[in-house]
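**Student:** A predicted structure for the sequence below; I have some questions about it.
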Amino acid sequence: MQLYSFFNSSTSYRVRIALALKDLHYTYHGVNIRVGEQRFADYAALNPSRGVPLLVDDKGTVLSQSMAIIQYLEDRFPEPHLIPEEPLLRARVLEVANGIACDMHPLNNLRVLGYLKNELGVTDAQKDAWYGHWAREGFNALETLLGRYGDAPYCFGQTATLADVCLVPQVANVLRMGFDMAAYPRVMAVYEHCQGQSAFQQAAPNAQPDFQG
């Protein structure tokens, strides 16, 4: 398999964690979204959405969108399960994962922040206020959900699920941006536990070939 990725991309990070948890090996191709490599013609021909990640598997299947890629990996390589089979637990995992992937990440990713600044002309202070507002909205909900339904040390018990796969990159993103996570002890407890696990370490931004310090 081949993975087109950017070391600091939250969505790429999700897929790298899923691949590591399933012990699936792949060739890494760095796509520097900071300088616009995702818009280069050869890459755009592979991925019309012009983003990362992109997976090309051993069957020649080409897939973009992190959640679609992870579902595909889950269906092809079900062990270990990242999406539980038991209906209610499955729903809880998807509730957390989609809250992050659909409500939080899209509002604070690089291209949205770039559009706010470069096209709409917001100030740095306004951009930071936007980022902080949506981070608080998302983490307030996530902290409450983990308090009601979570089960340590991961989001939902003793094994990692798609909820953890989504949570870790999102926390890494906000920490990099200087967002204060003191109000979210449950979220941070899961994040810190995952940081000690080999699959999450293997998938971390600073472990990637295109890492820029």
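**Tutor:** Arrived safely. For clarity, every value in this text was computed on a predicted model and none was experimentally measured.

**Student:** Next one: the residue at the greatest distance from the centre of the chain from Lys127, what distance?
**Tutor:** Most distant residue from the mean C-alpha position of the chain: Gly121, 27.6 Å away (Cα atoms, centre = their mean). Plainly put, Gly121 is 10 Å away from Lys127 if you go by Cβ to Cβ, to the nearest Å. C-beta: built from backbone N, CA, C; applies to glycine.

**Student:** residues in contact with Ile70?
**Tutor:** Arg14, Val15, Ala18, Leu82, Leu162, Val165 (Cβ atoms under 8 Å, 6 or more residues apart in numbering).

**Student:** Asp128 now?
**Tutor:** Per Cβ under 8 Å, 6+ apart, neighbours of Asp128: none.

**Student:** what about 10 Å?
**Tutor:** By Cβ atoms under 10 Å, 6 or more residues apart in numbering, the contact set of Asp128 is Leu113, Val122, Met177, Gly178, Phe179.

**Student:** From those, keep the buried residues only.
**Tutor:** The neighbour count (16 or more other Cβ atoms under 10 Å) marks Leu113, Val122, Phe179 as buried among those.

**Student:** Which of those sits closest to Val56?
**Tutor:** Taking Cβ to Cβ as the measure, Val56 lies nearest Leu113 of these, at 28.5 Å.

**Student:** which residue sits closest to that closest one, ignoring its sequence neighbours?
**Tutor:** Nearest residue to Leu113 in three dimensions, chain neighbours excluded: Lys127, at 5.9 Å (Cβ to Cβ, 6 or more residues apart in numbering).

**Student:** Surely that neighbour is in a strand?
**Tutor:** No - according to DSSP: H, G, I helix; E, B strand; the rest coil, Lys127 belongs to no strand; its state is helix.

**Student:** How is this protein partitioned into domains?
**Tutor:** Using automatic domain parsing, the domain parsing of the chain gives 2-80, 87-199.

**Student:** who wins for proximity to Gln208 among these?
**Tutor:** Nearest to Gln208, of the domains of the chain and by Cβ to Cβ, is domain 2-80 at 4.0 Å.
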